[in-house]
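Engineer: Pasting the sequence and the predicted model now:
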Amino acid sequence: MTKRISRRVAASALFTTMAAGCGVERIGPDDVGTGTGDGPVAEVPVWVQTAFDRSCATPGCHVPGGSAVSLAPGDSAAAIGGSATQSDLPLIELGNVEGSYLALKMLPEELLPAGVSRAGSQMPIATSSEGDEDVDIILGWIASATADASFHQPPNRSPARPQ
């Protein structure tokens, strides 16, 4: 991972780990697949789904029946290991920000790895301080979760974010 994105990803992973608190359920490799047909699809943690709901699964964007992949509840787990239409990368490869199309769509232009260009614009399109927090949550989850050890406990509380 390049140094440029490692700071944001490290901060995002730390934020996600803090949000998860001490309760992390470990999932064995036989319990969770990668989304490629080799087992059950990994689940999206509640707080990550909440971030998807606020910043991605909004009218006209990533909702069921839309032109883009749905990140709505019940659909979002299919993005783990799922195929991107604008890239050879999987939509989400847990533990690999640079190898996840969704993560590359969410990173600011200046944090993209050298030689990487994204199709279309950065997501989410409408950003706010809450949207920035959602990006941090999603990137942190992608960076720190793996198919054999995913975070599955909702946070007890959200840590304070510096302003």
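Structural biologist: On my side now, so go ahead.
Engineer: contacts and neighbour counts: CA atoms only from here.
Structural biologist: Fine.
Engineer: quick one: what helix or strand has residue 52 in it?
Structural biologist: Of the helices and strands defined by DSSP states H and E, residue 52 is found in helix 46-55.
Engineer: avg pLDDT for that helix?
Structural biologist: When the per-residue pLDDT values of helix 46-55 are averaged, the result is 94.
Engineer: what's downstream of that helix, the next helix or strand?
Structural biologist: helix 101-106.
Engineer: buried ones in the helix holding residue 52?
Structural biologist: By 16 or more other CA atoms under 10 Å, the buried positions in helix 46-55 come out as 47-53, 55.
Engineer: what packs against it?
Structural biologist: Other helices and strands packing on helix 46-55, by 3 or more CA pairs under 8 Å, 6 or more residues apart in numbering; DSSP states H and E, are helix 129-144.
Engineer: Check which helices and strands the helix it packs on is in contact with.
Structural biologist: Packed against helix 129-144 by the contact rule (3+ CA pairs under 8 Å, 6+ apart) you find helix 3-20, helix 46-55, helix 101-106.
Engineer: Take it, keep the C-alpha atoms, and write them as CSV.
Structural biologist: Included here for helix 129-144 are C-alpha records, laid out as CSV according to Å, rounded to 0.1, in the frame of the first residue of the first chain:
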residue,chain,number,x,y,z
SER,A,129,-18.8,15.9,7.6
GLU,A,130,-21.2,12.9,8.1
GLY,A,131,-20.3,11.7,4.6
ASP,A,132,-16.6,12.0,5.4
GLU,A,133,-17.2,9.9,8.5
ASP,A,134,-19.0,7.3,6.5
VAL,A,135,-16.1,7.1,4.0
ASP,A,136,-13.7,6.6,7.0
ILE,A,137,-16.0,3.8,8.4
ILE,A,138,-16.2,2.0,5.0
LEU,A,139,-12.5,2.3,4.2
GLY,A,140,-11.5,1.2,7.7
TRP,A,141,-13.8,-1.8,7.4
ILE,A,142,-12.4,-2.8,4.0
ALA,A,143,-8.8,-2.3,5.3
SER,A,144,-9.1,-4.2,8.5
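Engineer: that older thread, lowest-confidence stretch among the helices and strands packed on helix 129-144?
Structural biologist: Of all the helices and strands packed on helix 129-144, the minimum mean pLDDT falls on helix 3-20 (a mean of 48).
Engineer: If anything else comes up later, I'll come back, but that's it for now.
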